[in-house]
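> Pasted the sequence and its predicted model underneath.
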Amino acid sequence: MTLKFRDKLILLVLVILIIAGTSYFFVSVQLAKRIKSDIVDRLSRSNVTYEEFNESYFSQLILQSRSVSDNPKFAAQLSTGDKATVQQGLDETNRINGFNSDIFVALSPSGEVLAYVGTEMKSNINLSQRPEISGALSGIDNGGFWEENGKLIRVAASPTIANDQVLGAIALGYEVTDTVAAVISKVTNSHIAFLVSNKIVSTNMHDKRQELFDQFQQHKSELDHAMIKKTSSSAFEFTVGGEKYLGVASPVFASPGTEGEDKKVIATYVFFNSLDKALEPLVDSQKLMLIIGLGVAAIALFIGIIISHGVARPVALLASATREIAAGNLDFEVKVKSKDEIGLLASSFNEMTKGLKQKKRVEGLFGKYLSPDVAKKVLAEQSIDGILKGEKAMLSVLFTDIRGFTPMSRGMDPQALINLLNSHFDESIDIIDRYGGTLDKFIGDAILAFFGAPVHYDDFFMRAINAAVQMQRAVEKFNFQRKIEGKDPIHIGIGINTGDVIVGNIGSNKRLEYTVIGETVNIANRLCSVAKKGQIIISQSTYDLLPNKEIASAIEQVVLKGIAEPVTVYEILWKG
């Protein structure tokens with residue numbers, strides 16, 4: 001089915017809208033992840049704030065316990081060791097100070113409970129093993145958490161000292177209730193729930209206590225992680241009252257302990273925040289974007305239909321022109337009338353046609369003897385005729401052929417022979433292209449190339465030498481592979497001469513060849529003939545141009561065909 005331009009334009013609008021919608025969706029997903037990450041960060045900050053709050057609270061609690069332990073009258077009563085006397089003193093102190101504490105305990109120097117107010121303590125129970133009590137009996141104020149009768153209690157303990165002797169200790173504590181949880185929630189800006197023995201003992205969301213507990217049971221692994229690993233869990237999602245929350249479970253330690261001490265975990269607490277409320281702005285923006293998107297889609301479709309009518313006719317003309325170009329009529333020209341984008345398109349089309357004509361001419365002239373880089377430079381020139389016309393120029397001419405190729409080829413399978421030459425030529429031509437050379441022709445197993453035309457380089461002679469060195473190295477690598485395959489190696493000799501040549505297109509109207517002719521070419525060929533396996537032989541004229549003469553070494557004079565006197569030639573020292 002062929003779609004008209006109008007249909008394609010409408011389809012394009014729809015595709016753009018779909019892409020925009022999809023992009024917005026993915027952006028929303030990333031924003032949602034970022035919001036979740038921000039909530040986790042907020043929960044982490046709440047944890048830090050909670051720890052600071054606890055430190056401050058325990059400091060105040062220790063001041064309360066200290067006010068009792070430092071009271072001389074109570075110290076005298078405690079020193080008797082008589083439980084009735086100590087109980088009377090404890091009741092009186094509690095009544096006067098109005099502590100209303102959940103735990104108020106007086107202990108002997110050995111840690112035995114002598115009297116208590118609030119949570120019932122077993123008779124004759126010894127609390128000296130608890131860190132707060134052992135610290136107080138050592139003369140140090142302490143604070144920490146206790147778990148008593150399924151309740152979580154914050155306790156402070158202080159020593160009672162007279163004449164530098166510890167007479168006993170006082171432990172004073174308050175239960176962590178829903179009211180306490182509400183205060184912590186307000187301070188930390190996060191909801192909180194404390195769990196003891198698989199039961200929520202306090203939370204600021206006390207009206208949803210059972211639903212919270214049911215949700216926590218579904219994430220028991222995170223709660224167990226906090227208890228067992230003694231560190232905060234990863235964030236987990238749960239739903240309460242139809243609202244999604246993100247929470248993190250953390251351990252409650254019996255006491256702060258000391259560094260390196262294996263601290264006991266007696267409960268867990270969960271900080272959590274509403275995920276739905278955090279995502280509300282994003283959800284609202286998604287709804288707004290949906291409404292805007294539908295409106296934009298309707299407007300875009302309407303504008304698309306209008307534009308399609310104004311574009312269809314000029315496009316039809318351009319389509320007709322395209323068919324003419326496809327048929328080979330590169331002289332066809334689109335008549336430009338308007339000055340808008342369509343007119344610009346028509347002008348560009350005409351420029352393209354001119355470019356095609358130029359490219360076709362270059363392709364017809366050059367064939368395949370220029371490297372891609374050189375061809376690009378030629379195509380960039382304004383006047384092709386100025387480059388391709390015959391001219392006299394100083395170039396470096398390179399000849400290379402395979403030594404002993406004729407006897408080698410006699411016993412070879414024809415296809416194997418062709419494969420050998422093609423592999424060798426592929427590598428050699430790549431090297432010639434790399435150094436800005438121009439391939440002239442293949443002559444059997446030989447290659448003729450030149451450097452310095454049609455694009456001139458100041459170091460054309462060094463490019464020829466570097467290309468020759470790379471050819472020899474490529475042959476070494478090629479031979480290594482042939483040895484692995486159990487095949488005979490090949491060796492090449494290379495000759496390079498530098499001098500004036502005639503370069504240009506030579507041939508007939510039916511077939512042209514961009515080539516070089518002259519005595520310089522003939523001498524390069526003869527230098528190649530005297531080069532032995534693996535040698536690169538250069539002429540005196542090439543040697544004279546070398547900026548570093550140490551890369552070449554003079555060899556004995558040789559007699560070149562067509563030259564009466566022996567000439568000095570040089571070998572490139574490329575194997576070092």
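Received the coordinates, thanks.
> Point out where the stretch 101-250 of the chain drops to low pLDDT.
Along the stretch 101-250 of the chain, segments meeting pLDDT under 70 span 119-124.
> show me where it has strands.
For the stretch 101-250 of the chain, applying DSSP state E, counting those that start in this stretch gives strands covering 103-107, 113-118, 142-148, 151-162, 165-175, 191-195, 200-203, 236-240, 243-253.
> and if you look at the stretch 301-450 of the chain?
Secondary structure of the stretch 301-450 of the chain (DSSP E, counting those that start in this stretch): strands at 391-402, 438-443, 446-451.
> elements contacting whichever helix or strand comes after the last one?
It refers to strand 446-451. Later in the chain than strand 446-451, the nearest helix or strand by DSSP states H and E is helix 460-484. Applying 3 or more CB pairs under 8 Å, 6 or more residues apart in numbering; DSSP states H and E, one finds that helix 460-484 contacts strand 391-402, helix 414-434, strand 446-451, strand 492-507, strand 536-538, helix 540-545, strand 567-572. Quick note: C-beta positions are derived from backbone N, CA and C, even for glycine.
> Who are the packing partners of the longest one?
Contacts defined by 3+ CB pairs under 8 Å, 6+ apart place helix 414-434 against helix 372-380, strand 438-443, strand 446-451, helix 460-484.
> report the angle between the axes of that helix and strand 492-507?
With axes from the mean of the first three to the mean of the last three CA atoms, to 10 degrees as the basis, helix 414-434 and strand 492-507 are set at 80 degrees to each other.
> Give me whichever of the strands of the stretch 301-450 of the chain is most buried.
Of all the strands of the stretch 301-450 of the chain, strand 446-451 has the most neighbours on average by mean count of other CB atoms under 10 Å, namely a mean of 24.
> That one: partners in the sheet, and parallel or antiparallel?
Sheet pairing for strand 446-451, assigned by DSSP bridges, gives strand 391-402 (antiparallel), strand 438-443 (antiparallel).
> can you redo the ones you listed as CSV with mean pLDDT?
Formatted as CSV, those follow (pLDDT from 0 to 100):
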stretch, mean pLDDT
strand 391-402, 96
strand 438-443, 93
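> can you tell which of these is closest to residue 217?
strand 438-443 (80.8 Å; CB to CB).
> Show me what the longest helix along the chain is packed against.
Once the chain is assigned using DSSP state H, the helix that runs over the most residues is helix 5-69. With contacts defined as 3+ CB pairs under 8 Å, 6+ apart, the packing partners of helix 5-69 are helix 83-97, strand 142-148, strand 151-162, strand 165-175, helix 178-188, strand 243-253, strand 265-274, helix 275-326.
> Go through the first one and flag the buried ones.
For helix 83-97, the buried set under the neighbour-count rule, 16 or more other CB atoms under 10 Å, comprises 83, 85, 86, 87, 89, 90, 93, 94.
> ok, now the fourth one?
The neighbour-count criterion (16+ other CB under 10 Å) identifies 167, 168, 169, 170, 171, 172, 173, 174, 175 as the buried residues of strand 165-175.
> before we move on, back to that, how far out from the middle of the chain is the longest helix of the chain?
Chain-centre distance of helix 5-69: 23 Å, with CA atoms, centre = their mean, to the nearest Å.
> The helix or strand just after it: which residues count as buried?
Next in sequence after helix 5-69, counting helices and strands by DSSP H and E, comes helix 72-80. Neighbour-count burial for helix 72-80, with 16+ other CB under 10 Å as criterion, is recorded at 74, 75, 77, 78, 79.
> Which residue is the nearest non-sequential neighbour of the last one?
It stands for residue 79. Leaving aside its chain neighbours, residue 79 sits nearest to residue 167 (4.7 Å; criterion: CB to CB, 6 or more residues apart in numbering).
> gap between the one you found and residue 127?
According to CB to CB, to the nearest Å, residue 167 and residue 127 sit 16 Å apart.
> Could you do residue 18 as well?
Per CB to CB, residue 18 is found 71 Å from residue 127.
> Looking at those two, which is more packed in?
Between residue 18 and residue 127, residue 127 has the larger neighbour count (other CB atoms under 10 Å), namely 21 against 11.
> Might one say that that one is in contact with residue 113?
Yes. Look at residue 127 against residue 113 with CB atoms under 8 Å: they come within range, at 6.5 Å.
> Find residues that contact each of those two.
Residues touching both residue 127 and residue 113 by CB atoms under 8 Å, 6 or more residues apart in numbering: 105, 107.
> Where do the domain boundaries of the chain fall?
For the chain, automatic domain parsing gives the domain ranges 34-277, 328-366, 382-572.
> Distance to residue 22 for those domains - can I get that in a markdown table?
As requested, the domains of the chain are exported to a markdown table (distance: least, CB to CB, whole Å):
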| stretch | distance to residue 22 |
| --- | --- |
| domain 34-277 | 19 |
| domain 328-366 | 29 |
| domain 382-572 | 44 |
